[in-house]
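Novice: Any chance you can model this:
(chains A and B)
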Protein chains: 2
Amino acid sequence: MTTQEILLRARGAKPAMALADTERKNAALRAMADCLLAAEDDILAANVLDLQAAKGTVSDVMLDRLALNRDRIAGMADGIRQVAGLPDPVGQVLRRVERPNGLVIERTAVPMGVIAIIYESRPNVTSDAAALALKAGSACVLRCGKEAHRSAQAIVTALKRGLEQAGLPTDALMLVEDTTRASANELMRANGLVDLLIPRGGAGLIRACVDNATVNVIETGTGICHIYVDKAADLDMALDILTNAKCSRPSVCNAAEVCLVHRDIAPTLLPRLRERLVNERLGAGQVPVELRLDTAAAAIIDGTPADEADFDTEFLDYILAVSVVDGVEGAMAHIATHSTGHSECIVTADAAAARTFLSGVDAAAVYHNASTRFTDGGEFGLGCEMGISTQKLHARGPMGLEELCCYKYIVRGGGQIR
Amino acid sequence: MTTQEILLRARGAKPAMALADTERKNAALRAMADCLLAAEDDILAANVLDLQAAKGTVSDVMLDRLALNRDRIAGMADGIRQVAGLPDPVGQVLRRVERPNGLVIERTAVPMGVIAIIYESRPNVTSDAAALALKAGSACVLRCGKEAHRSAQAIVTALKRGLEQAGLPTDALMLVEDTTRASANELMRANGLVDLLIPRGGAGLIRACVDNATVNVIETGTGICHIYVDKAADLDMALDILTNAKCSRPSVCNAAEVCLVHRDIAPTLLPRLRERLVNERLGAGQVPVELRLDTAAAAIIDGTPADEADFDTEFLDYILAVSVVDGVEGAMAHIATHSTGHSECIVTADAAAARTFLSGVDAAAVYHNASTRFTDGGEFGLGCEMGISTQKLHARGPMGLEELCCYKYIVRGGGQIR
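Specialist: As a prediction, the model looks like this:
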């Protein structure tokens, strides 16, 4: 099927999805989870073909992301069931006003319509994204990277069975067949067919969407997150937060990439930071963190000299750029220049400094005395997450079910004219 | 000054605007209103030059839009004062959650940053847009059509005096000097400098923004609004609504352009519609409405035969396209094909038909038994309006101060790590 035909089919499924009540959507999600498990053998067989084809052409990290096994499929099914358990965002009255003329105006959450997701080589995104989009009352068009296409196809086939069992149109979930760049470009410019496009993947994909899309896009992902350690910081707390934000999972977007240190405490903090992130980790048989130091930091501890690009790089690795700054104003100036608008943190016991930082820093999430790793739908209490928006329009930070909806005004009258 | 320099100045004013408290912003707005009135002579002199230059090159309607007088300037000053009286959206906690680990997470309304507005030849938009953007805590970059540029320049000069008197940076309000297409294109692609772009004008301008912009845009305006008269309608009410929606102000986007009539009542309604919109208006010395009729309607009353384009045209004039449809499903199918997503209405006494229409029609505002002319910030109780969004992302329908803000998550902890 051409991408155009696929989009037309998804659009055709919009009304049925928009009108589906909570019970039916949840029944469909539970059936999708069952059908996913029932199709385990088919999915694993398809995945083996994907892995064989990918071997030698992609990195080991990517191969690991691509690989499925029974545990991972069970995890995917659990994920779908969790979405079934979340409150339905559709139909919620977000604001209600009765006007003096008697008009009753309700701002009401409604589905987007068709949500398209472009993702790369993680087959589990197939079921995660589908479950969230469908629960939010939208039809879902998936376009995955070619490495994962056979796996995604097997997963979508299983999930469609679940939709069918619950009496929802199977066209509500479509996988784009063309895995060339052409289909991605087509989705980006499918005005009238795609109501929202969410790219989930590397910086290149997201940049391409922002530059080329004429449909509504939500920019996700890139996180150059800063931890600023103020002179009034509890240094033990600062070291715990830095270690957690850098090392608990370096490959994710809410991991810290840069440590900014107040000039006054740099001589005290930096040797302890080095001890903690390099020596202690080496002693414990863990990967040490490579510290990339600006001139002032390099005058205090050993490490790799940083060049300017190090402060604009999402390392996604055991690397931390370190800069000495002149207080909270200096930290804010650095962040304003280098931030990707994801998550930024101040560690301080000084309430005034915290207030200045929290109000002055422009990012999806700003933290006082906590790790940036909490920027996550689950950790924020949304129960799920389609991605983390780093743009300002519509949704910022973790996108849950509500953020996958839009609203309309429903106006009820008795013949009012103006 | 180049457009780039203008944008850099506006960006430089972002922090001061974001930190300005309500009192200071309101003081600035009141001072802006005073300074506008004080500069009346300068503004009128500039407007005379604009009118002289435009004469002969633009339509009389445009000349009227362009013309200022003492009353209009007083109206502009009143508009600014009204914005000063509205609640401040910035800093509102939209949602608060305390997590089991003790993190307190507040979703908090914050300014967009720099809001750019491209508009055409209405000088009053200069002060309206500036007042709303500034009250919403953003710096404001205005780019008006060349016909109104001298007037806009005089108005901006006056408004900047007000900002200065209140101790806010005059760079928070900038007028783009270049009135060629180049400056509009520059705004559309000024990522990192423009946080939100709002085009206010004709379909061509809005299309250009949607097609070319890489910054966040809110699509405003075009309204092909439908009034569907169901077979269970109170026909007197239907005729009142149709007359109001078509004739009370045909040049605005919430005016009706299309009447859809249930086949069963077409023989009763259409002759009365013609009587009301054509004969009665002629008798009263008013402009009659030209009815453009599909084949089924033309079999019942006299009028101009409609061609297909008539159902995709925003007439903004005393013209109404009329089509006979097969019930609420037929009306919904017609609207799904031809709607611009602005405002759509059903007139009926049948609660089930109303429910189907209100839930099934995808538009910013859906009405039951009321005129589409109410789609307006003031009428919706927002107190003001920057425009009417016809897109789904971020804001839909009238955009008030809240819709000119975004939000960020403020997370307060006591050393939490994940």
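Novice: the helices in the stretch 151-300 of chain A, which residues?
Specialist: Taking DSSP state H, counting those that start in this stretch as the criterion, the stretch 151-300 of chain A carries its helices at A:181-188, A:203-212, A:235-247, A:266-274, A:280-283, A:295-298.
Novice: Tell me which of those lies nearest to chain B.
Specialist: helix A:235-247 (3.6 Å; Cβ to the nearest Cβ). Yep, even glycine has a C-beta here, placed from its N, CA and C like the rest.
Novice: sorry, back to before: between the helices of the stretch 151-300 of chain A, which has the poorest mean confidence score?
Specialist: With a mean of 87, helix A:203-212 has the lowest mean pLDDT of those.
Novice: Out of the helices of the stretch 151-300 of chain A, flag the one nearest residue B:63.
Specialist: helix A:203-212 (39.8 Å; Cβ to Cβ).
Novice: Helix A:181-188 and that closest one, what's the angle between them?
Specialist: Calculated by axes from the mean of the first three to the mean of the last three Cα atoms, to 10 degrees, helix A:203-212 forms an angle of 50 degrees with helix A:181-188.
Novice: elements contacting helix A:203-212?
Specialist: helix A:181-188, strand A:196-200 (3 or more Cβ pairs under 8 Å, 6 or more residues apart in numbering or on different chains; DSSP states H and E).
Novice: Let's see that with 6 Å instead.
Specialist: The helices and strands touching helix A:203-212, judged by 3 or more Cβ pairs under 6 Å, 6 or more residues apart in numbering or on different chains; DSSP states H and E, are strand A:196-200.
Novice: With only the CA atoms kept, save the strand it packs on in PDB.
Specialist: These are the backbone C-alpha positions of strand A:196-200, laid out as PDB (Å, rounded to 0.1, in the frame of the first residue of the first chain):
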ATOM      1  CA  LEU A 196       0.100  15.600  14.700                       C
ATOM      2  CA  LEU A 197       3.600  14.200  13.900                       C
ATOM      3  CA  ILE A 198       5.900  13.000  16.700                       C
ATOM      4  CA  PRO A 199       9.400  12.100  15.800                       C
ATOM      5  CA  ARG A 200      11.100   9.800  18.200                       C
END
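Novice: can you give me the offset of it from its chain's centre?
Specialist: 10 Å (Cα atoms, centre = their mean, to the nearest Å).
Novice: Can you tell me which of the helices of the stretch 151-300 of chain A is most buried?
Specialist: helix A:235-247 (a mean of 22; mean count of other Cβ atoms under 10 Å in any protein chain shown).
Novice: Please name every helix or strand in contact with that one.
Specialist: strand A:225-229, strand A:256-262.
Novice: what do you get if the cut-off is 10 Å, keeping everything else the same?
Specialist: strand A:225-229, strand A:256-262, helix A:266-274, helix A:280-283, strand A:319-325, strand A:343-347, strand A:365-370, strand B:405-416 (3 or more Cβ pairs under 10 Å, 6 or more residues apart in numbering or on different chains; DSSP states H and E).
Novice: Strand A:225-229 and that helix, what's the angle between them?
Specialist: 170 degrees.
Novice: Now distance to residue B:152 too, for the helices and strands packed on helix A:235-247, in JSON lines please.
Specialist: As requested, the helices and strands packed on helix A:235-247 are exported to JSON lines (distance: least, Cβ to Cβ, whole Å):
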{"stretch": "strand A:225-229", "distance to residue B:152": "40"}
{"stretch": "strand A:256-262", "distance to residue B:152": "42"}
{"stretch": "helix A:266-274", "distance to residue B:152": "50"}
{"stretch": "helix A:280-283", "distance to residue B:152": "61"}
{"stretch": "strand A:319-325", "distance to residue B:152": "41"}
{"stretch": "strand A:343-347", "distance to residue B:152": "37"}
{"stretch": "strand A:365-370", "distance to residue B:152": "36"}
{"stretch": "strand B:405-416", "distance to residue B:152": "25"}
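Novice: out of those, nearest to residue A:415?
Specialist: Between the helices and strands packed on helix A:235-247, strand B:405-416 lies closest to residue A:415; by Cβ to Cβ that is 35.2 Å.
Novice: Counting neighbours, which bits of the closest one end up buried?
Specialist: B:405, B:406, B:407, B:408, B:409, B:410, B:411, B:412, B:413, B:415, B:416 (16 or more other Cβ atoms under 10 Å in any protein chain shown).
Novice: Let me know the closest of these to chain A.
Specialist: residue B:413 (3.0 Å).
Novice: so how far is residue A:377 from the closest one?
Specialist: 18 Å (Cβ to Cβ, to the nearest Å).
Novice: that older thread, also near chain A: which of the buried residues of strand B:405-416, exactly?
Specialist: Taking Cβ under 10 Å from any Cβ of the partner chain as the test, chain A is in contact with B:405, B:406, B:407, B:408, B:409, B:410, B:411, B:412, B:413, B:415, B:416 out of those.
Novice: I am finished for the moment; much appreciated.
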